[in-house]
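Need a 3D model of the sequence below.
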Amino acid sequence: MDLSSIKHHFSWIDYLVFSLVLLLSAAIGIYYAIKDRRAADSTEQFLMGGRNMSILPVSMSLLASFTSAISLLGYSMEMYVFGTMYWLAGISYFISAPFAAHFLLPVFHRLNITSAYEYLEMRFSRSVRLVASSIFIIQMLLYMAVVLYAPALALNQVSGLPVWISVFVVGGVCTFYTVLGGLKAVMWTDTFQMLIIYAGIIAIVAEGSRRLGGFGAVWEIAKEGGRIRFNDFNPDPFQRHTFFTVVFGQALNAITLYGSNQAMIQRYLSIKRLRDSQIALYLNAPGNLLVLCLVCMCGLVAFARYHTCDPRAVGVIRKYDQILPLLVMDLFGSVPGFPGVFVACVFSAALSTVSSGLNSLAAVCLHDLVQPLYQHVTSRRMTDKQGIMTSKGIAALFGLVTIGVAFLADSFGTTILQVTLSIFGIVGGPLFGVFMLGMLFPWANTKGALAGLLCALAVNLWIGIGAVLYTRADMLPMNTLGCETSNATTNDTLRTTMVTPILNGTTLAPPSAPSGHLHLYRLSYLWYSGVALCVTLLVGLLVSFATGRTDPRSVDPKLLLPVADRFCCCLPASWRQRLRCSVSLDKSNDSSPSGPSGEHAMLTKPSPESVTEQSQL
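Next up is the predicted model:
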């Protein structure tokens, strides 16, 4: 196979198709800015879509929020380099979605909040809310910068599209329609962009399979190459991907997103009725599974195409996350416009993630930082007009910062990108842990929440950064026997290295397992959320009891998960009351949670609305 003949540049038709997708995305923002101009002075309209969004755009936006370009490039690379074990993550979606829909979503929905971290102030104190909000802001800024930069870098290597053009244009368009149209524009643009994503990856699978004799032939080639792997049931958490790690570890990661990430919570709170929000969340599971399956199939097609001549080994690509763009240029380089469709597909994924991030950052920054500071300084609340202008300014500012950080990422190198992606996974666990501490344990207090959050963050950063510095993943063998070169000596050299794993430009010896405390760095990255959850709960409870636990009777039941009533509904009422740790459900109709230090609410008869809400729980 001669890979040197693959086209590495775009035609004017490709640029036209790519530009049309960007223009349509911007047009959606303009449309909703004009359509909702009478309600434009409402922060509720800008940040929450007026809380009257329908199920379809919310479900598609939930799906698009974290179906980034990194997902499209990363899943395909995973299949090509490591095999199909990660494909089992599709099972985890059907564990995480029901849990989030019936346990986490009702708590947020009945509080009628805008920022997810308002809950932490209601349950603990303003300091916990500010720390959590600050962590989220840093996390999202780093992640969005990588989401812009990574696909731009990958596509630059195979298409010639300059990195600075990709980052500036896509970041600018995304910031434009987010600032102009608010959450409605973001959600409907997400819906449009998900259709582009589906169309692009379906076309790649269909055409690639056709050229290789059908997907059955693709599967057989992948099987012979050792890529089909579903039967690893080793419970060892220090092995990168096993059945238990992929299914349950990834399920916990997904629950972490559903239960602590503002971008997700903000979307299902934009629907008025709880049941409709739950339906949108349920629809998210098959949507995620479809994306995963299609992109994994793309990875297998790529392996079947290059199973006799690894393009990384011959220097056609620098990194394996460029394998999917290379496949597109290989299969469709001679088809006018299709490479442009693929670029639109990849950057639609980037647009949807960044726009969701900008809108969620505007909500968190306004409600958690700006409004409290304004009220403290001026002794009055910010008006809706001031709020909407401030929200747009915040979104625009974060958009510019994201573009700037993405440009800086060009000088960071591969290591900092890996560290940044690791931090994104590492930070979510401690945030989710502090939410679970508040919802599950009525004794937890502010000192315990802060100690648990910060200790879990420190432990996760220690393990995650150590993993980047001291470990590397075990790759499956690559083959170069089928490579065609003009130099016979070079060809002989390729044959001698046909089963040598190659990573980041270096031929590596089989990795040796770290010993002593370094062995902890071998922990699978999918268990980082689990480690953070355990550390947060353990430290949080120990510190809470050591510093004077909260009286459970002072905690508003609306801030707790009704675990006893959910799992022990058949037990006598007196037993269930004991399992509630003296928390009385009669206080759940109180409209303003008093927090752990507030006065005990008077026991009153629940309203019909409150009874209905309890039945939904």
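
low-scoring stretches of the stretch 501-617 of the chain, by residue?
501-517, 563-617 (pLDDT under 70).

Could you rerun that using 50?
501-511, 588-617 (pLDDT under 50).

which residues of the stretch 1-150 of the chain fall in strands?
Applying DSSP state E, counting those that start in this stretch to the stretch 1-150 of the chain gives no strands.

Let me see the ranges of the helices in it.
Assigned by DSSP state H, counting those that start in this stretch, the stretch 1-150 of the chain shows helices spanning 12-35, 43-48, 55-65, 69-82, 89-99, 105-111, 118-123, 126-159.

okay, those in a markdown table with mean neighbour count, distance to Leu541 and mean pLDDT next?
Where C-beta positions appear, they are placed from N, C-alpha and C, glycine not excepted. Formatted as a markdown table, the helices of the stretch 1-150 of the chain follow (neighbours: other CB atoms under 10 Å; distance: least, CB to CB, whole Å; pLDDT from 0 to 100):
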| stretch | mean neighbour count | distance to Leu541 | mean pLDDT |
| --- | --- | --- | --- |
| helix 12-35 | 17 | 46 | 78 |
| helix 43-48 | 24 | 34 | 70 |
| helix 55-65 | 25 | 32 | 81 |
| helix 69-82 | 24 | 36 | 85 |
| helix 89-99 | 19 | 22 | 92 |
| helix 105-111 | 20 | 20 | 88 |
| helix 118-123 | 24 | 15 | 92 |
| helix 126-159 | 23 | 15 | 82 |
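
Quick one: closest of those to Leu283.
Taking CB to CB, helix 55-65 is the member of those nearest to Leu283, at 4.1 Å.

Can you name the residues in contact with the closest one?
Applying CB atoms under 8 Å, 6 or more residues apart in numbering, the contact partners of helix 55-65 are 186-188, 190-191, 193-194, 197, 263-264, 267-268, 270-271, 276-277, 279-281, 283-284, 287-288, 291, 349, 352-353, 356-357.

Indicate which one of the helices of the stretch 1-150 of the chain is closest to Arg240.
helix 69-82 (7.6 Å).

Which residues does that closest one contact?
86-87, 146-147, 150-151, 154, 197, 201, 222, 227, 240-241, 291-292, 295-296, 298-300, 302-303, 320-325, 345-347, 349-350, 353, 421, 473, 475-476.

and if we set it to 6 Å?
86, 150-151, 154, 295-296, 298-300, 302-303, 320-321, 323-324, 346, 349-350, 475 (CB atoms under 6 Å, 6 or more residues apart in numbering).

Could you do stretch 85-101 as well?
Stretch 85-101 is contacted from outside by 78, 229, 241, 246-247, 250-251, 254-255, 258, 278, 281-282, 285, 288-289, 292, 296, using CB under 6 Å, 6+ apart.

now do 8 Å
Here stretch 85-101 makes contact (CB under 8 Å, 6+ apart) with 75, 78-79, 229-230, 232, 241-243, 246-248, 250-255, 258-259, 277-278, 281-282, 284-286, 288-289, 292-293, 296.

Return a selection command, for use in PyMOL, containing the buried ones of those.
Buried residues within these, by 16 or more other CB atoms under 10 Å, are selected in PyMOL with:
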select buried, resi 75+78+79+229+232+241+242+243+246+247+248+250+251+252+253+254+255+258+259+277+278+281+282+284+285+288+289+292+296
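
can you pull out the helices in the stretch 251-400 of the chain?
Using DSSP H, counting those that start in this stretch, helices in the stretch 251-400 of the chain cover 262-268, 274-306, 323-332, 338-364, 371-378, 384-408.

Now do Leu327 against Met60, distance only.
26 Å (CB to CB, to the nearest Å).

try Pro325
For Pro325, the distance to Met60 equals 25 Å [CB to CB].

One more: Phe230?
29 Å.

now swap in Ile204 and tell me
From Ile204 to Met60 the distance is 21 Å (CB to CB).

can you check Gly299 too?
Taking CB to CB, one finds Gly299 at 24 Å from Met60.

What of Tyr15?
Counting by CB to CB - Tyr15 and Met60 are separated by 27 Å.

how about the strands in the stretch 401-550 of the chain?
Using DSSP E, counting those that start in this stretch, strands in the stretch 401-550 of the chain cover 502-503, 506-507.

On the pLDDT front, check the residue nearest to Ser115 when sequence neighbours are not counted for me.
Closest residue in space to Ser115, ignoring its immediate chain neighbours: His367 at 4.1 Å, by CB to CB, 6 or more residues apart in numbering. His367 is assigned 86 on the pLDDT scale.

With the one 10 residues further on instead?
The predicted local confidence for Val377 comes out at a pLDDT of 85.

Which among the contacts of helix 69-82 count as buried?
By 16+ other CB under 10 Å, the contacts of helix 69-82 give 86, 150-151, 154, 295-296, 298-300, 302-303, 320-321, 323-324, 346, 349-350, 475 as buried.

Might you list the low-confidence residue ranges for the stretch 351-500 of the chain?
Using pLDDT under 50, the flagged stretches of the stretch 351-500 of the chain are 413-417, 419, 486-500.

what's the single longest helix in the protein?
Criterion DSSP state H: the longest helix present in the chain is helix 163-211.

got the angle for it vs helix 384-408?
80 degrees (axes from the mean of the first three to the mean of the last three CA atoms, to 10 degrees).

Tell me how far whichever helix or strand comes after helix 163-211 lies from the chain's centre.
Past helix 163-211, further along toward the C-terminus, the next helix or strand under DSSP states H and E is helix 215-224. Its chain's average C-alpha position is 31 Å from that of helix 215-224, according to CA atoms, centre = their mean, to the nearest Å.

what packs against helix 215-224?
helix 163-211, helix 274-306 (3 or more CB pairs under 8 Å, 6 or more residues apart in numbering; DSSP states H and E).

ok, now which ones touch Leu431?
With contact taken as CB under 8 Å, 6+ apart, Leu431 is in contact with Ala132, Ile135, Phe136, Thr256, Ser260, Asn261, Leu453.

Adding distance to Tyr32, write those out as TSV.
Below are the contacts of Leu431 laid out as TSV (distance: CB to CB, whole Å):
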residue	distance to Tyr32
Ala132	30
Ile135	31
Phe136	26
Thr256	31
Ser260	28
Asn261	24
Leu453	37
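
And those, which is closest to Gly399?
Phe136 (16.9 Å).

For that closest one, give its distance to Lys385.
In terms of CB to CB, Phe136 sits 26 Å off from Lys385.

that older thread, so can I have a markdown table of the helices of the stretch 251-400 of the chain showing distance to Val179?
Below are those laid out as a markdown table (distance: least, CB to CB, whole Å):
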| stretch | distance to Val179 |
| --- | --- |
| helix 262-268 | 16 |
| helix 274-306 | 25 |
| helix 323-332 | 30 |
| helix 338-364 | 8 |
| helix 371-378 | 19 |
| helix 384-408 | 5 |
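
Out of those helices, which gets nearest to Lys558?
With respect to Lys558, and counting by CB to CB, the nearest of the helices of the stretch 251-400 of the chain is helix 274-306 at 13.2 Å.

Let me know whether Met436 touches Val535 as I believe.
No. Judged on CB atoms under 8 Å, Met436 makes no contact with Val535 at a distance of 11.8 Å.

circling back to that earlier point, tabulate the helices of the stretch 1-150 of the chain in TSV, adding columns for distance to Val377.
Output for the helices of the stretch 1-150 of the chain, formatted as TSV (distance: least, CB to CB, whole Å):
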stretch	distance to Val377
helix 12-35	31
helix 43-48	19
helix 55-65	34
helix 69-82	40
helix 89-99	41
helix 105-111	27
helix 118-123	19
helix 126-159	15
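
For Gly216, find the nearest of the ones you listed.
Per CB to CB, nearest to Gly216 of these: helix 69-82, 16.5 Å.

For Cys455, give me its contacts.
Val535, Thr536, Val539.

Go through those and name the one nearest Gln371.
Nearest to Gln371 among those is Thr536, at 27.4 Å by CB to CB.

Surely the closest one touches Phe435?
No. Thr536 lies out of contact with Phe435 (CB under 8 Å); the separation is 9.2 Å.

Look at the two and report which has more neighbours.
Thr536 (31 against 27; other CB atoms under 10 Å).

Kind regards, and thank you for your time.
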